[in-house]
Each structure stands twice: as C-alpha cells, then as structure tokens.
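Chemist: quick check, what structure comes out for this input:
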Amino acid sequence: MGFRFSLVISLIFGGYVFLLFHLYQLQLTNGEVYLAQAESQNGAAYLTAAVRGAIYLTDRDGAKIPAAINKDFSEAYAVPKIMADTVSAAKTAAEIFSRSESELKKSFSTRSNYVLLAAHASDDIVSKIRDAKVNGLYVKQVPDRFYPSGPLAAQLLGFVGPNNTDNGSSGRYGLEKFYEDKLAGNEGNILEVAISAGVGEDLALTLDSSIQREAETLLAKMVREHKAEGGTIIVEEPKTGKILAMGSSPDFDPNNYSISPIAAFLNPATEKLYEPGSIMKVVTMSAGIDSGKITPDTTYVDTGKLVIYDHVIRNWDLKAYGKTTMTGVIEKSLNTGAAFAERRTGDDVFKSYLKNFGFGDKTGIDLPGEIAGDLKSLVVGGPPINFATASFGQGIAVTPLEVINGISAIANGGLLMRPYVNAALKPQIVRRVISEDTARSVTAMMVSAVDKAKLAQISGYAVAGKTGTAQIPDFVHGGYSDQVTDSYVGFAPAYNPRFVIFIKLSKPEGAPLAGTTVLPSFRELAQFVLNYYNVTPDRLEQ
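Modeler: Predicted coordinates:
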C-alpha cells in the first residue's frame with residue numbers, strides 16, 4: 001500500500017515538474033520567439049476576419065457556377081526578429097523563392113516581426129520551407145479571394161485587394177466594388193464580448209456561364225486573327241435587360257492582378273467611349289419613322305454625295321445608287337441616305353430621340369464607373385454637318401452598353417429597359433422610346449439588310465442586324481485616322497427575340513470592313529445561343 005502511494009505521489013510530482021519546465025521554456029527561453037510569431041499573424045489579435053460572400057454565374061437551368069469564392073492559401077512569411085542568423089536565412093530564402101539575396105538581407109536586417117515572402121506559396125515552396133527548418137521562416141494558412149475561371153468576365157467581376165485605408169482589403173473594380181457592402185460582411189470581436197464574424201451575402205448573376213465562355217472565346221479568336229488592339233462583346237436579353245454575357249479584350253487574371261496594368265481593370269463596355277458608325281443608322285430611321293417624317297418606303301435620289309455648305313458626305317463605297325428607299329439605305333448602309341433621313345426628321349426631333357434611346361446618359365447598370373455618352377457636338381441651331389454625320393454614327397461618342405441597350409429597345413417593341421447583372425433585381429422599364437409599329441418596321445428593315453447581305457443569315461431563323469465601320473478620330477492632328485472600329489449588333493428570332501448581341505473590334509489590322517471581321521463571330525455566337533436555348537425556328541421555309 002505504501003509503495004503504491006509513493007508511486008502516485010512521484011508521478012504527480014513529476015508531472016508538475018514537467019509542466020513547470022515547459023512553462024519556463026515558453027515564457028523565458030522561447031517566449032520572444034512565440035510572441036514575435038503571434039504578433040506577425042495579424043497585428044489585430046482581437047478581430048476575426050469576416051467571411052466574404054461568393055459570386056456565382058448561372059446556366060440555363062438556374063444552376064450556380066462559382067465565379068468568385070474564398071479559399072485558404074499557404075502564405076510564406078519571415079519573422080526577422082527571431083532569426084539567429086539573418087544572413088544565412090536570407091541566403092536560404094533566396095534559393096527557395098528565387099529572389100535577390102541582397103534584397104532579402106536588407107529586409108531581414110530590420111529585425112521586424114513580419115515580412116511577406118509569398119501570399120500564395122506553391123506546394124513546392126511550402127515543402128522547401130519545412131525541409132529547411134530555418135528559425136524565422138514560416139508558412140500559415142490564410143483565406144483569400146479565388147476566381148475559379150481566371151480571366152473569365154474579369155472586368156465585370158473586379159477583384160479584392162488592399163484598400164489603403166485600414167490596411168485591410170476590399171472590392172476593387174467591378175462587382176466586387178459595386179456590391180462591397182453586401183459581399184464584405186463584418187469583422188468579429190473577441191476582446192470582451194464574443195461577436196461572431198458576419199458572413200457577407202452571396203451574389204448570383206444574370207450572366208450565363210456557357211454564353212460568357214463562348215462569347216469570350218470568339219472575341220479572343222477575333223482579336224488574334226485580325227491583330228486588333230482589343231474588343232468588347234455583350235449579350236443582353238431585350239425583354240428584361242438581363243446581361244447574359246459581357247467581356248472585353250485585353251483582359252486580366254484577378255488571381256494575379258498585380259502583374260497587369262491598371263488600364264486593364266477598366267470595363268470598356270461601360271467605361272470607355274467610341275464612335276459607333278453605321279449601327280446608328282437604324283436609330284436615325286427609328287426617329288424619322290416614329291416622328292412621321294419618313295416611312296421605310298420613302299425615297300431619295302442618291303448621287304453618291306451630299307454637300308452641306310463646305311462639307312461633302314459620301315457613301316462608304318464611293319458609289320451612287322440613284323432612287324433608293326429608306327429600307328435600301330439600311331440594306332446598302334448609305335451615309336447619304338442616313339443624312340437625308342435626319343434632315344427630313346429635323347435636328348431637334350432627331351436629338352430628342354437619341355436622348356430617349358439613352359444615348360448621352362448612363363444606363364444605370366449595377367456596375368461601378370459607368371460613364372455617359374457624348375452628344376455635345378449636337379447643338380440645335382449649330383453646324384448642320386454635325387447632325388448629318390451623327391446620323392451615321394460619326395462625331396458622337398457612346399459606350400458599347402448604350403448601343404446594345406438602345407438597339408434592345410427596338411427588339412423589345414420600343415420599350416427601353418434598365419440593364420442589370422444582379423439576378424436578384426427585377427426588370428425595370430425606363431420608358432417607351434418608339435411605338436410598337438415603328439419598332440416592327442425598323443426590325444423588318446434590319447432583317448432585309450441581313451437577307452440581302454446573307455453573311456449573318458441563320459437557317460430557320462429571321463435575323464435582324466446592322467454593321468458599323470467607323471473611322472477613329474485622330475486626336476493629335478485632328479480629323480480622322482485611317483484606323484477603324486468595326487462593330488455589329490443583331491438579334492434573333494427577329495420578331496420575338498431571345499437575345500441581342502453586340503460585338504466591337506478596335507483597330508483591326510488593315511482597317512477591313514465589319515462584314516469581314518465581327519459579323520462572322522456574331523453569326524457563330526447567335527447560332528450557339530439559339531441552340532443552347534433550343535429556340536424554335538421561325539422560318540420553316542428555309
């Protein structure tokens with residue numbers, strides 16, 4: 001009995017000795033090491049990170065496709081304050097990270113509590129750090145934003161980065177910025193009263209992942225084949241204003257945004273202006289027909305040129321077509337015919353219709369940084385030439401989103417919708433811009449143009465469309481350069497449209513016409529969307 005009692009006492013005593021020794025190591029021998037590591041972790045010991053809401057694309061069945069989520073990454077960092085030999089540690093770190101040894105020596109010489117070496121360290125780097133067993137080189141798991149599809153819809157999504165205000169991070173550009181308050185959530189506090197970190201709201205988008213991917217694939221191919229400076233592509237549902245796809249080139253990878261120029265983060269669909277060219281001819285015809293000044297059958301005699309004071313307007317092909325209807329003007333894309341229609345309509349009426357279609361104003365889409373188009377050259381009572389050139393899309397500047405949303409009003413029977421990307425929003429009618437009869441008449445003119453040119457035709461479907469090839473202004477020497485912007489807008493089925501597609505190509509090599517650059521891509525994407533939605537053909541005779 002006495003032996004057992006002594007054994008128990010010895011074990012208890014031995015346990016206390018071990019605990020005291022371990023406590024001595026923690027607080028005295030290695031206390032500085034653990035303190036420095038703890039201080040390096042966050043610098044805000046009493047705050048717990050908020051959980052940011054995810055962003056999802058959708059598909060035709062309503063399934064959610066992750067576009068921006070949270071993921072744990074391996075962060076490699078150094079704690080120079082506890083390094084026994086900063087010179088040796090810098091040499092080892094230089095080998096692991098393939099960085100300058102001298103720069104690392106300088107960083108480590110500060111004896112600071114924290115030096116970031118890699119925010120997203122690869123498995124290979126993590127393994128090398130652990131194998132090196134250098135005191136002061138560590139790896140920890142940290143949550144960060146991750147974009148599973150890389151550059152897909154990058155300008156629309158934006159990214160999460162340092163906010164330069166409280167040493168934290170927040171949404172930068174795109175939806176990450178616009179919906180920051182909803183996505184971000186709130187930090188928790190564990191100082192006195194435990195408060196759980198708030199979870200941000202998830203965001204489901206109207207963008208269809210399949211259409212978005214197909215659109216961006218075609219855009220990249222088009223830019224590459226024509227050696228263009230860049231381009232933009234948008235797909236909109238005209239009856240609701242839902243944006244089904246929106247992408248631009250050049251783009252960037254939000255997972256590695258720091259290697260891209262700031263200019264790449266701007267969304268050209270909403271934040272950059274361009275002169276639209278002949279696409280505007282259908283808007284000009286809409287104004288003339290709706291105001292009762294012309295009809296699709298109104299004729300004029302095309303001599304190949306129109307003289308307005310000391311200015312001469314010519315057709316794009318420098319040809320004369322004689323007696324021509326307004327439908328013929330759209331079919332042949334005649335500059336002189338568009339100017340004739342504008343003069344019949346009247347400058348004040350014409351400008352009022354441009355404004356009603358949304359040109360010169362922001363669309364109100366739920367994206368940051370949207371700018372309004374520029375119609376300041378159109379001063380009623382001012383130079384008539386400005387109105388004449390505006391009739392075929394030169395001398396005024398608009399955003400791609402203004403164009404597709406304006407044309408969507410024609411596709412939607414004359415009703416202008418507010419475009420949106422948050423699927424939780426509801427369709428909103430902005431106003432009626434033209435009558436249903438006018439919309440149908442202009443649609444018929446666009447269908448006729450497609451049927452005559454044949455390049456955009458799709459078997460079994462009536463397709464409405466219009467090309468635009470606009471000279472790019474020369475802001476250095478004045479006037480226009482020999483470079484162009486090619487664009488195309490169209491919708492199908494023409495009289496009950498499921499979608500409107502807009503494509504723009506900037507500065508294609510050799511300045512070819514839109515019919516040879518963007519139009520084939522429109523046809524391919526339109527065929528894809530029709531098949532994807534299994535849209536019933538409306539032209540059984542073809």
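Chemist: use CA for all of it now, contacts and neighbours both
Modeler: Will do.
Chemist: break the chain into its domains for me.
Modeler: For the chain, the structural domains run 47-159+169-201, 207-532, going by automatic domain parsing.
Chemist: switch those domains over to JSON lines; also include distance to residue 538, mean neighbour count and mean pLDDT.
Modeler: Formatted as JSON lines, the domains of the chain follow (distance: least, CA to CA, whole Å; neighbours: other CA atoms under 10 Å; pLDDT from 0 to 100):
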{"stretch": "domain 47-159+169-201", "distance to residue 538": "21", "mean neighbour count": "18", "mean pLDDT": "87"}
{"stretch": "domain 207-532", "distance to residue 538": "5", "mean neighbour count": "21", "mean pLDDT": "96"}
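Chemist: take the ones you listed and lay them out in TSV including distance to residue 540.
Modeler: Below are the domains of the chain laid out as TSV (distance: least, CA to CA, whole Å):
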stretch	distance to residue 540
domain 47-159+169-201	25
domain 207-532	6
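Chemist: so what's the gap between the biggest strand by length in the chain and the chain middle?
Modeler: In the chain, assigned by DSSP state E, the strand with the most residues is strand 64-78. Distance, stretch centre to chain centre, for strand 64-78: 21 Å (CA atoms, centre = their mean, to the nearest Å).
Chemist: then stretch 208-215?
Modeler: 13 Å.
Chemist: same thing with stretch 490-504?
Modeler: 20 Å.
Chemist: now do stretch 507-519
Modeler: Distance, centroid of stretch 507-519 to centroid of chain: 23 Å (CA atoms, centre = their mean).
Chemist: contacts for it, please.
Modeler: Here stretch 507-519 makes contact (CA atoms under 8 Å, 6 or more residues apart in numbering) with 222-223, 226-230, 455-456, 467-469, 482-488, 503-505.
Chemist: at 6 Å instead, please
Modeler: Residues from elsewhere that reach stretch 507-519 (CA atoms under 6 Å, 6 or more residues apart in numbering): 226-229, 469, 483-487.
Chemist: confirm that residue 469 sits in a strand.
Modeler: Yes: under DSSP: H, G, I helix; E, B strand; the rest coil, residue 469 falls within a strand.
Chemist: measure it to residue 227 for me?
Modeler: 16 Å (CA to CA, to the nearest Å).
Chemist: need the contact list for the residue lying closest to residue 182 once chain neighbours are set aside.
Modeler: Nearest residue to residue 182, sequence neighbours excluded (CA to CA, 6 or more residues apart in numbering): residue 201, at 5.4 Å. Neighbour list for residue 201: 53, 182-183 [criterion: CA under 6 Å, 6+ apart].
Chemist: how about a cut-off of 8 Å?
Modeler: Contacts of residue 201 (CA under 8 Å, 6+ apart): 52-54, 182-185.
Chemist: ok, of those, which one's closest to residue 206?
Modeler: residue 54 (14.6 Å; CA to CA).
Chemist: what are the phi and psi values at the closest one?
Modeler: Backbone torsions for residue 54, taken as degrees, to the nearest 10, come to phi -90, psi 160.
Chemist: residue 539: which of the domains of the chain is closest?
Modeler: For residue 539, the closest of the domains of the chain is domain 207-532, at 4.5 Å, according to CA to CA.
Chemist: between the two ends of that closest one, how far is it?
Modeler: 14 Å.
Chemist: and stretch 345-361, by the same measure?
Modeler: 22 Å.
Chemist: also stretch 257-276?
Modeler: Using CA to CA, the distance between the terminal residues of stretch 257-276 is 30 Å.
Chemist: who's in contact with that stretch?
Modeler: Taking CA under 8 Å, 6+ apart as the rule, stretch 257-276 contacts 154-156, 158-159, 173-174, 232-234, 246-248, 250-252, 369-371, 373, 393-401, 403, 468-472, 485, 487.
Chemist: okay, the contacts of residue 201 in JSON lines with distance to residue 522 next?
Modeler: Converted to JSON lines, the contacts of residue 201 look like this (distance: CA to CA, whole Å):
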{"residue": "52", "distance to residue 522": "37"}
{"residue": "53", "distance to residue 522": "35"}
{"residue": "54", "distance to residue 522": "32"}
{"residue": "182", "distance to residue 522": "36"}
{"residue": "183", "distance to residue 522": "35"}
{"residue": "184", "distance to residue 522": "38"}
{"residue": "185", "distance to residue 522": "41"}
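Chemist: which of these sits closest to residue 332?
Modeler: residue 54 (48.4 Å).
Chemist: for the closest one, give me its contacts.
Modeler: Contacts of residue 54 (CA under 8 Å, 6+ apart): 66-70, 183, 201-203.
Chemist: switch the cut-off to 7 Å
Modeler: Applying CA atoms under 7 Å, 6 or more residues apart in numbering to residue 54 gives the contacts 68-69, 202-203.
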